[in-house]
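J.: sharing a model prediction with you, sequence too.
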Amino acid sequence: MDATTDKDPLVQEQIHNALCYLGQSEPEEILNSCDEYLRQHDKLGYPHRVIILRAMETIVRNNISLLDKSTAKEVVRDWQEAASAVLVAVGQRFINKVMEEVLTKFQPGILPHFFVVQTFANLALANGE
C-alpha cells in the first residue's frame with residue numbers, strides 16, 4: 001500500500017485495482033489491512049488516502065453479503081472517519097467548495113449524521129484564525 005504515494009496515476013490505479021482484486025477472495029482480511037494501514041499512517045496525504053478508501057468502498061459494495069456484522073460496523077465507522085479527515089484536509093485549501101458540499105448534507109427537519117457534524121467542527125478547527 002506504500003505505493004499509493006507514487007505520483008504516477010497509473011501506479012495509483014494499479015494499487016486500487018490490486019486491492020479490489022484481493023478483496024474479492026479475502027474481503028475481511030483486506031478491509032482490516034486497509035484499516036490498519038490508514039491508522040498507522042494517519043499523516044498520509046489525502047489523495048493517497050482516497051485510493052485506499054475507494055478500494056475499501058468497492059470491496060464492501062461487492063462483498064456486503066459476505067461480511068461479518070462486526071466487521072461491517074467497524075469498517076463503516078473507520079471509513080466515515082477517514083472520509084471526514086480527507087474532507088478536512090481538502091478544506092484547508094478549498095474551504096468554500098468543501099463547505100458547500102458538507103452543507104448539502106443538512107436537510108430541514110432531519111438530524112444530520114454524526115460524521116457530518118464532526119466534519120463541520122473539524123473544518124472550523126483546521127481553518128480557525
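T.: Cool, the structure landed.
J.: isn't residue 23 up against residue 59?
T.: Yes. Between residue 23 and residue 59 there is a contact under CB atoms under 8 Å: 3.4 Å. For the C-beta atoms, the positions are set from N, CA and C on the backbone; glycine is no exception.
J.: need the residues touching each of these two.
T.: 30, 31 (CB atoms under 8 Å, 6 or more residues apart in numbering).
J.: toward the C-terminus, what is the element adjacent to the longest helix seen in the chain?
T.: What stands out as the longest helix in the chain, according to DSSP state H, is helix 69-91. Moving toward the C-terminus from helix 69-91, the next helix or strand (DSSP states H and E) is helix 95-103.
J.: how about that next one as CSV, C-alpha atoms only?
T.: Extracted in CSV, the C-alpha atoms of helix 95-103 (Å, rounded to 0.1, in the frame of the first residue of the first chain):
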residue,chain,number,x,y,z
ILE,A,95,-12.8,25.6,2.2
ASN,A,96,-15.6,27.2,0.2
LYS,A,97,-16.1,24.1,-2.1
VAL,A,98,-15.9,21.6,0.9
MET,A,99,-18.3,23.7,3.0
GLU,A,100,-20.7,23.9,0.0
GLU,A,101,-20.7,20.0,-0.2
VAL,A,102,-21.0,19.5,3.6
LEU,A,103,-23.9,21.9,3.8
